[in-house]
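> test case, fold it:
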Amino acid sequence: MWTDGKTDMQDAGRKRASSTGRVIKSLMALNGDMAHLDKYMQDKWFVLQLAVWALRGVTRVILANNPLSGAVMLLALYWASPWQGLLGTLGVLTATLVAVILGQDSAEVWGGLHGFNGMLVSLLMGAFNSAGDWYLWLMLPVCLGSATSVFFFSGLSPVLDRWDLPVAVFPFNMVIVLYFLCTGPDNPHFPHHLAVPPSSAPPNVTALSAAQVLQGIPLGVGQIFACGSLGPSLLILAGLCLYSPLQAVHALLGSAVGTLAGLSMSVRHECLYTGLSGFNGALGCMAVGGLFFTFSWRTHLLAIACAFLSAFVDIALSNLLGSIGLPACSWAATLSATLMLLLRGSLSTYRIPLARVKAPERNLCSRSRWEAGSTVERDSTDV
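Here you go, the predicted model:
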């Protein structure tokens, strides 16, 4: 009797452990890059495949790659503004479809690498549009601008590949500047607001609110999607955490560093409160803090340095471009992260080849494996 009871208890314990293991395994399958989903979708309808590619494109905006996170972030955009959500959806779908029609590299299309620039183009056009929400004529430049970003991406890719550099958001920054220069604020069909330099007059005349400055830190993460609402920004952060908790931590850290840089330069309080001072710092910090470099205490410090550099460059470019009414967009983070990727010396040993970049936690776990593989490849290709 006692032996039978003990056996039953052991069996029950094994079942509980097995159930817990299955739950943990299922949860693990939902974070990171979800590469298994691509294999599952290979024989599915094109519409379903397109949806997955587009959702990956949504997360690429914030340096992630997870369709489930993309669904959460897209939901946040519709929560903040249904009109902006619609424009973002139109932009990512247009760019992805154009990439498919032009026969771009299938791996890039599946990974959402063509869609995210189109989404950013559409979101910025909507954010600066002065004709108000639901101005349907705006859909025309949104589609054209999103399609144009695919051509820029395709043209820049072989050039930057020589140095193993990502195209990143160079296409978005180029297309949106061209759009604003072509239309102007008084265009009868596509008018837009002029960008205001962060250090412009009138000077700050009210006392600084610490609570609003702290609120601006998570808003800096939302501003990567041109979203200035706290609730949707927190939901975007939750979607990023689903992809990679380490990436989410670096996003908040980078936004805080950008806010601190803005405080040191006495930028307008509005820039601090709305997160505009923090979003370039968040992007720079995420790019270095585990995505393109293996996470360590040294690359963590480098990520903080990149966040400071991105924030200060953003202030400088915003003052320069703002003098003619143009936004600085994410030029600062793009240029700063590219500079960090070109570093030589001991820090370059932490650099991850673009073809092997995954979620930061998986980059950390697989470092020894890809280093071993690279050594074998070099030995086998020596002449």
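> only C-alpha atoms from now on, for both contacts and neighbour counts.
Noted.
> so what's Gln42 up against?
Gln42 is in contact with Gln49, counting by C-alpha atoms under 8 Å, 6 or more residues apart in numbering.
> domains in this protein, by residue range?
Domain ranges of the chain: 23-194, 206-378, per automatic domain parsing.
> so which of the ones you listed is the most surrounded?
When these are scored by mean count of other C-alpha atoms under 10 Å, the highest mean neighbour count falls to domain 206-378 (a mean of 22).
> identify the residues contacting the helix or strand hosting Cys285?
Assessed by DSSP states H and E, Cys285 sits inside helix 279-286. Residues from elsewhere that reach helix 279-286 (C-alpha under 8 Å, 6+ apart): 62-63, 220-224, 247, 250-258, 303-311, 314, 330, 332-334, 336-337.
> next helix or strand past it?
Once helix 279-286 ends, the next helix or strand along the chain (criterion: DSSP H and E) is helix 297-322.
> before we move on, the earlier item: ok, which of the domains of the chain comes nearest Ser200?
Nearest to Ser200 among those is domain 206-378; the distance by C-alpha to C-alpha comes to 7.5 Å.
> in the stretch 151-300 of the chain, where is pLDDT below threshold?
Residues of the stretch 151-300 of the chain meeting the criterion pLDDT under 70: 201-205.
> can you pull out the helices in it?
Assigned by DSSP state H, counting those that start in this stretch, the stretch 151-300 of the chain shows helices spanning 170-183, 210-222, 230-243, 245-264, 269-273, 279-286, 297-322.
> so Leu68 sits against Trp53, correct?
No: if you go by C-alpha atoms under 8 Å, Leu68 and Trp53 don't touch, sitting 11.2 Å apart.
> switch the domains of the chain over to a markdown table; also include distance to Ser200.
A markdown table is the format used below for the domains of the chain (distance: least, C-alpha to C-alpha, whole Å):
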| stretch | distance to Ser200 |
| --- | --- |
| domain 23-194 | 13 |
| domain 206-378 | 7 |
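> picking up where we left off before, can I get the helices of the stretch 151-300 of the chain in TSV including distance to Asp33?
Formatted as TSV, the helices of the stretch 151-300 of the chain follow (distance: least, C-alpha to C-alpha, whole Å):
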stretch	distance to Asp33
helix 170-183	23
helix 210-222	20
helix 230-243	7
helix 245-264	13
helix 269-273	33
helix 279-286	16
helix 297-322	22
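> relative to Cys365, which of the ones you listed is closest?
Closest approach to Cys365 among the helices of the stretch 151-300 of the chain is made by helix 245-264 (13.1 Å; C-alpha to C-alpha).
> now do the closest one against helix 279-286, angle only.
Helix 245-264 and helix 279-286 are oriented at 140 degrees to each other (axes from the mean of the first three to the mean of the last three C-alpha atoms, to 10 degrees).
> find the nearest non-adjacent residue to Cys329, please.
Of all residues not flanking Cys329 in the chain, Asn173 sits nearest, at 6.5 Å (C-alpha to C-alpha, 6 or more residues apart in numbering).
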